[in-house]
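K.L.:
What follows is a protein structure lacking sequence information:
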């Protein structure tokens, strides 16, 4: 696939049945990941849990490529450099930054900062790709972020937002994630199969994080309990393989600006799941936030005839 064909594909930005299906898979996988992440916290350092997660996910993707016939060899040194950047931005560094940000930030603030990926993608698409973004997408993204902030307003009022260091780390994690979105569009512009790029990206991401963890003297522990191992498999296969394959495919179909709006919807669905499993109590703040997110969603997906 040429660069021009990818640009044409991104500019089309239609939202049909396939796109809705991919969006649902991403939202389900990422909205439920917080449950599994909770079971990962404990004896094992966050960086090492992320390493195990993408080792499992990467091996699964390699196996998938071997079974389906997707090539894993024959890529140039430049391709492997792009794979390494993809691994650093989507499959390692962004997660590590958010894990450490969570040590000093309340969970609501983490969701709000990550939701900034929506306008972040809009800005990057406009500047880096030199393509104008519809005003409805830009406005809808900002309204959606304000809606997420409204959802967690009670948490902010009760506990504050946390420390400045956590905010910086979370903001860096979001910036790294947005960068990974555009690295992915670069990969697809080179005609590289998505499964092959994802497999190599996960391998490089796990290897890079393992190397930095070893240099920092972090022990490579693992918790041999059903909760830890079960959550590890869920995060690797559902929240990584299925979610990222669906999300990166959606990037190609509707573009980074619109796909980025999923980061706004993620905390909304997570709260809905929390209401079912943990007894989360809906308030006026909750309904006001959801209303703002819904308005933002309409603007982001709205297309002129």
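P.N.:
Yep, that arrived. Everything numeric here is computed off the predicted structure, so don't read it as measured data.
K.L.:
show me where pLDDT drops low in the protein?
P.N.:
Along the chain, segments meeting pLDDT under 70 span 1-15, 105-109, 129, 131, 159-164, 257, 277-280, 301-305.
K.L.:
How is it partitioned into domains?
P.N.:
Per automatic domain parsing, the structural domains of the chain span 1-6+33-105+162-254, 117-161+261-305.
K.L.:
Dump those into JSON lines; add distance to residue 26 as well.
P.N.:
C-beta here means a position set from N, CA and C on the backbone, and glycine is covered the same way. Shown next, in JSON lines, are the domains of the chain (distance: least, CB to CB, whole Å):
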{"stretch": "domain 1-6+33-105+162-254", "distance to residue 26": "5"}
{"stretch": "domain 117-161+261-305", "distance to residue 26": "6"}
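K.L.:
With distance to residue 24 and mean neighbour count added, can I get those in JSON lines?
P.N.:
Output for the domains of the chain, formatted as JSON lines (distance: least, CB to CB, whole Å; neighbours: other CB atoms under 10 Å):
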{"stretch": "domain 1-6+33-105+162-254", "distance to residue 24": "9", "mean neighbour count": "19"}
{"stretch": "domain 117-161+261-305", "distance to residue 24": "10", "mean neighbour count": "18"}
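K.L.:
From the centroid of this structure, which residue is nearest?
P.N.:
residue 177 (6.6 Å; CA atoms, centre = their mean).
K.L.:
got the contact list for the residue lying closest to residue 89 once chain neighbours are set aside?
P.N.:
Closest residue to residue 89 apart from its sequence neighbours, by CB to CB, 6 or more residues apart in numbering: residue 180 at 3.3 Å. Residues near residue 180 by CB atoms under 8 Å, 6 or more residues apart in numbering: 86, 89, 90, 94.
K.L.:
of all those residues, which two lie farthest apart?
P.N.:
86 and 94 (11.3 Å; CB to CB).
K.L.:
and the residue nearest to the centre of the chain, what is it in contact with?
P.N.:
Residue 177 neighbours (CB under 8 Å, 6+ apart): 89, 90, 94, 114, 117.
K.L.:
what's the helix or strand for residue 233?
P.N.:
Assessed by DSSP states H and E, residue 233 sits inside helix 226-236.
K.L.:
What lies in contact with that helix?
P.N.:
Here helix 226-236 has contacts from 33, 35-40, 42, 44, 49, 52-54, 56-57, 60, 222-223, using CB under 8 Å, 6+ apart.
K.L.:
Check which helices and strands the host helix or strand of residue 207 sits against.
P.N.:
Here residue 207, judged by DSSP H and E, is contained in helix 194-215. When contacts are defined as 3 or more CB pairs under 8 Å, 6 or more residues apart in numbering; DSSP states H and E, helix 194-215 sits against helix 46-68, helix 77-90, helix 93-101, helix 164-189, helix 243-254.
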